[in-house]
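>>> Provided below are the primary sequence and the corresponding predicted coordinates.
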Amino acid sequence: MEPPLRADRSRLTGDRMREASKAEPAEDAAILRSAARFLRDFAGFAGWPGLRAAVAVAVAAGLENVGVVLLIPFLSLAMDEKAPGGAAAALAAPVFALLNVETRLGKLGAMLALFAALLTLRALANGVQIRILTKLRMDYVESRRARLLDALAAASWSRVLALRHARVQRAINDDAAILGAVVRFPLDAGVAILTLIAQIAAAAALAPVFATLCLSLLAATALVARPLLRHSYELGAALTADRVALDHSLGQFLGALKLAISQNLQRSFVGEFEAALADLKRRQIAFLLQQSDSQHMLSLLSGVVAMLCAFIGLGLMDMPAPLVFGLLLILARVGAPAQTLVRSAQQFVHGLPAWERACRLEAELSDGAGNGAPPRSVQERETPPPADALDGAIVFSAVCYRHGDGETAPGVHGVDLTISPGEIIGVTGPSGAGKTTFADLLVGLIRPQSGVISISGRKLDGALLDAWRHSLAYVAQDAFLFHDTLRRNLLWAAPEAGEDAIWRALSLVGADALAKRLPNGLDTIVGERGALLSGGERQRFALARAILRTPRLLVLDEATSALDLDSEHVLLSRLAELDPAPTMVIIAHRPESLRLGGRLLTFADGRLIGETEGPCAGSGARPFG
Ligand SMILES: Nc1ncnc2c1ncn2[C@@H]1O[C@H](COP(=O)(O)OP(=O)(O)OP(=O)(O)O)[C@@H](O)[C@H]1O
């Protein structure tokens with residue numbers, strides 16, 4: 001019998017998902033602090049274009065209301081009533097005088113012409129405002145993405161290793177889209193607030209009592225909005241966590257696909273997905289309903305205030321009908337920006353947790369030592385090392401790196417070593433002895449916590465480290481290939497390499513015949529992580545890619561372990577004949593893989609415990625180039 005789909009949610013990622021699904025109660029003060037942080041960040045980014053946007057918004061809002069105010073003398077004329085005094089009449093009178101119109105028809109025509117001009121101006125101002133605001137929004141989202149990517153590229157290797165990939169993916173892709181909605185708030189709210197102020201000012205000029213009613217409506221809206229906003233924030237926080245958990249689970253599942261399907265473990269993943277998707281759907285529906293309920297409530301509220309206003313104006317205060325209609329029109333229009341304000345605020349606080357998550361990730365990545373290479377801006381300013389800076393020996397002096405705190409944390413320690421240019425070195429030792437940690441130090445992925453690594457007498461750091469990484473090639477046991485064509489995989493690390501160089505490299509690693517046999521030759525897609533190839537084939541292609549870089553240093557960390565011994569020997573012998581000859585560091589467990597080494601280093605418990613002459617000792621170190 002088939003096991004039920006939802007049978008085992010607690011396995012692997014289930015606990016984490018349930019954890020993520022809890023909606024933590026949020027405090028108003030914390031939400032306000034977070035909103036203030038966002039607004040500061042955005043204002044800092046907006047700068048001059050932000051100011052231009054504010055001016056455009058103010059102009060559009062002002063034009064909107066001049067039109068409404070002009071409506072009052074128009075209505076008075078149309079209804080043959082005595083035009084009311086105040087701002088409206090004051091605005092209309094000079095226009096009539098200027099155009100020298102005295103008849104009712106002439107005045108009506110002049111008013112209509114004025115309206116048409118205002119409508120055109122308003123449309124133009126709105127167009128400009130939307131263009132500036134949209135660009136500002138897009139630019140901000142793009143800059144946040146770029147900051148995150150820069151932080152990721154500059155982060156120390158140990159930090160990157162500990163990262164959950166789903167966090168990064170979510171922060172860069174989806175959260176950036178949510179960020180677009182978050183950024184709308186200061187922009188939309190700015191438009192709405194300016195429109196409200198202009199409308200209230202227009203109403204105040206006509207009737208101060210009415211303006212007071214408008215303010216009361218706003219105050220009532222603010223009271224209703226507070227718990228709504230808090231709930232929106234909580235839903236947003238839970239949704240963000242759910243989405244990361246879902247991505248993580250999917251990533252795990254895809255990574256372990258073969259294992260999962262071969263052992264019939266896929267059902268627990270499917271069960272987890274169904275449950276997590278149901279949670280997501282529930283929260284999304286709750287948020288949408290909350291938004292529409294609040295909009296209905298606001299419509300009701302503004303309707304009630306409008307009726308009250310009409311009753312007070314016409315019934316109790318005996319005001320002229322055009323003035324009351326004009327005021328009612330303004331009131332009806334106050335409802336729209338107030339609704340926009342609430343809706344936009346809801347979306348803002350809903351998306352705020354995603355923004356916070358992206359900021360936390362950026363701070364985590366930027367915190368600490370970084371990967372040693374200077375950031376892009378500094379690289380451009382820094383003087384590149386001299387041409388011969390990488391020609392000399394690599395020297396390790398009392399180098400120590402521990403993965404974690406304390407004297408007993410694993411890693412490597414007390415490593416003293418000199419590697420001459422062009423030397424071939426074998427590295428061996430039991431599992432966990434520190435061989436890969438040594439290789440990571442050598443290529444500058446991690447930096448010594450104590451001691452010094454130097455090249456040609458210069459400390460491996462800053463611009464030198466950057467140049468060093470450009471000059472080397474590193475091939476790990478897990479020969480990583482992208483889901484792309486073989487050609488693009490090969491050219492990834494050496495984009496300038498030509499067709500001849502590609503075939504030479506393929507021939508050297510014994511993969512030219514294989515590449516020709518593939519259905520589309522070099523243009524064959526190799527599958528996710530090279531899944532459409534065998535392990536040995538992947539390793540050969542990864543080696544060809546490394547050779548295409550013409551590296552000064554070639555580090556092979558179990559990079560030929562999937563080849564049979566004879567093929568491996570042929571391949572390594574050809575590598576040893578490379579011209580120009582790179583310095584080679586070959587890490588392996590099989591003694592046969594180390595036959596080419598002029599020197600053999602043995603690691604145990606993080607220490608370099610032995611340095612013996614390798615089988616090829618005495619063949620001489622070969623200078624690069
Ligand atoms: N990122 C890390 N965080 C914590 N500990 C780590 C990390 N990387 C390695 N270690 C630990 O450091 C020690 C040395 O690991 P390293 O990978 O250098 O060994 P190795 O000699 O290459 O092993 P193997 O032959 O199995 O590949 C091991 O005990 C390992 O568990």
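Yep, that arrived.

>>> going forward, measure contacts and count neighbours with C-alpha atoms only.
Will do.

>>> check contacts around the nearest residue to residue 525 once chain neighbours are set aside.
Distance criterion Cα to Cα, 6 or more residues apart in numbering; nearest residue to residue 525, sequence neighbours excluded, is residue 485 at 4.1 Å. By Cα atoms under 8 Å, 6 or more residues apart in numbering, the contact list for residue 485 reads 522, 523, 524, 525, 526.

>>> count of residues packed around residue 413?
When counting by other Cα atoms under 10 Å, one arrives at 22 neighbours for residue 413.

>>> got a list of what the spatially most central residue of the chain touches?
Computing the C-alpha centroid of the chain and ranking residues by Cα atoms, centre = their mean puts residue 172 first, at 2.1 Å. Residue 172 makes contacts with 145, 148, 149, 358, as judged by Cα under 8 Å, 6+ apart.

>>> farthest-apart pair in these, please.
149 and 358 (10.9 Å; Cα to Cα).

>>> out of these two, which sits in the busier spot?
residue 358 (23 against 16).

>>> secondary structure class for that one?
helix (DSSP: H, G, I helix; E, B strand; the rest coil).

>>> residue 169 is in contact with that one, correct?
No - the criterion here is Cα atoms under 8 Å, and residue 358 misses it with residue 169 at 10.3 Å.

>>> find residues that contact each of those two.
By Cα under 8 Å, 6+ apart, no residue touches both residue 358 and residue 169.

>>> how about the residues of the stretch 51-200 of the chain by the ligand?
Contacts of the stretch 51-200 of the chain with the ligand, taken as Cα under 6 Å from any ligand atom, map to residue 158.

>>> and the closest residue to the ligand within the stretch 51-200 of the chain, how many neighbours?
Nearest residue of the stretch 51-200 of the chain to the ligand: residue 158, at 5.8 Å (Cα to the nearest ligand atom). The local packing of residue 158 (other Cα under 10 Å) involves 14 other residues.

>>> what pLDDT does the model give it?
Note on residue 158: pLDDT of 79.

>>> now do it against residue 113, distance only.
70 Å (Cα to Cα, to the nearest Å).

>>> ok, the residue of the stretch 51-200 of the chain closest to the ligand - contacts?
So residue 158 contacts residue 446 (Cα under 8 Å, 6+ apart).

>>> wait, is it part of a helix?
Yes - checked against three-state DSSP, residue 158 lies within a helix.

>>> residue 402 versus that one, what's the distance?
Residue 158 is 11 Å from residue 402, by Cα to Cα.

>>> please apply the same query to residue 283.
Using Cα to Cα, residue 283 is found at 44 Å from residue 402.

>>> run a quick neighbour tally on the spatially closest residue to residue 506 that is not a sequence neighbour.
Distance criterion Cα to Cα, 6+ apart; nearest residue to residue 506, sequence neighbours excluded, is residue 512 at 4.8 Å. Other residues lying near residue 512 total 20 when counted by other Cα under 10 Å.

>>> my read: residue 512 touches residue 503, true?
Yes - Residue 512 lies in contact with residue 503 (Cα under 8 Å); the separation is 6.5 Å.

>>> what's the mean pLDDT across the helix or strand containing residue 127?
Secondary structure from DSSP states H and E places residue 127 in helix 104-154. Per-residue pLDDT over helix 104-154 has a mean of 81.

>>> elements contacting it?
Packing contacts for helix 104-154, counted by 3 or more Cα pairs under 8 Å, 6 or more residues apart in numbering; DSSP states H and E, involve helix 28-78, helix 86-99, helix 175-206, helix 321-366.

>>> how much does that helix deviate in direction from helix 175-206?
Angle of helix 104-154 versus helix 175-206, following axes from the mean of the first three to the mean of the last three Cα atoms, to 10 degrees, is 150 degrees.

>>> what's the offset of helix 104-154 from the middle of its chain?
26 Å (Cα atoms, centre = their mean, to the nearest Å).

>>> please apply the same query to stretch 351-365.
For stretch 351-365, the distance to the chain centre is 9 Å (Cα atoms, centre = their mean).

>>> list of residues touching that stretch?
In this structure, residues lying in contact with stretch 351-365 by Cα under 8 Å, 6+ apart are 34-35, 147-148, 151-152, 154-156, 159-160, 167-168, 171-172, 175, 178-179, 181-182, 233, 236-237, 240.

>>> pLDDT on that stretch, on average?
For stretch 351-365, the mean pLDDT works out to 86.

>>> now do stretch 508-516
Rounded mean pLDDT across stretch 508-516 is 92.

>>> ok, stretch 50-70 next?
72.

>>> could you do stretch 311-328 as well?
For stretch 311-328, the per-residue pLDDT averages 74.

>>> list the buried residues for it?
Using 16 or more other Cα atoms under 10 Å as the test for burial, stretch 311-328 gives 312, 313, 321, 322, 323, 324, 325, 326, 327, 328.

>>> same deal with stretch 354-369?
Those would be 354, 355, 356, 357, 358, 359, 361, 362, 364, 365, 366, for stretch 354-369 by 16+ other Cα under 10 Å.

>>> convert it to CSV, retaining C-alpha atoms only.
C-alpha atoms of stretch 354-369 as CSV (Å, rounded to 0.1, in the frame of the first residue of the first chain):
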residue,chain,number,x,y,z
ALA,A,354,11.4,40.9,3.6
TRP,A,355,13.4,44.1,3.5
GLU,A,356,14.7,43.5,7.0
ARG,A,357,15.6,39.9,6.1
ALA,A,358,17.7,41.2,3.1
CYS,A,359,19.4,43.8,5.3
ARG,A,360,20.2,41.2,7.9
LEU,A,361,21.7,39.0,5.3
GLU,A,362,23.8,41.9,3.9
ALA,A,363,25.0,42.8,7.4
GLU,A,364,25.9,39.1,8.1
LEU,A,365,27.9,38.9,4.9
SER,A,366,29.7,42.2,5.4
ASP,A,367,30.5,41.5,9.0
GLY,A,368,34.0,40.3,9.7
ALA,A,369,37.1,39.8,7.6
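
>>> now it, how far from the chain's geometric center?
11 Å.

>>> got the contact list for the closest residue to the ligand within the stretch 501-625 of the chain?
Nearest residue of the stretch 501-625 of the chain to the ligand: residue 606, at 6.7 Å (Cα to the nearest ligand atom). By Cα under 8 Å, 6+ apart, residue 606 lies in contact with 410, 411, 412, 413, 433, 434, 435.

>>> tell me the spacing between it and residue 314.
91 Å.

>>> which bits of the protein sit near the ligand?
So the chain meets the ligand at 158, 403, 410, 411, 430, 431, 432, 433, 434, 435, 436, 437 (Cα under 6 Å from any ligand atom).

>>> of the buried residues of stretch 311-328, which is the nearest to the ligand?
Using Cα to the nearest ligand atom, the buried residues of stretch 311-328 come closest to the ligand at residue 328, 68.2 Å.

>>> ok, residue 296 - how many residues close by?
So residue 296, with other Cα under 10 Å, has 11 neighbours.

>>> re earlier: closest to the ligand among the buried residues of stretch 354-369?
The closest of the buried residues of stretch 354-369, once distances to the ligand are taken by Cα to the nearest ligand atom, is residue 365, at 15.3 Å.

>>> is residue 505 in contact with residue 547, as I believe?
Yes - with contact defined as Cα under 8 Å, residue 505 reaches residue 547; the gap is 6.3 Å.

>>> more crowded one of these two?
residue 547 (27 against 23).

>>> ok, that one - contacts?
Here residue 547 is in contact with 473, 505 (Cα under 8 Å, 6+ apart).

>>> what does the one 3 residues further on give?
Contacts of residue 550 were listed using Cα under 8 Å, 6+ apart, and they are 471, 580, 582.
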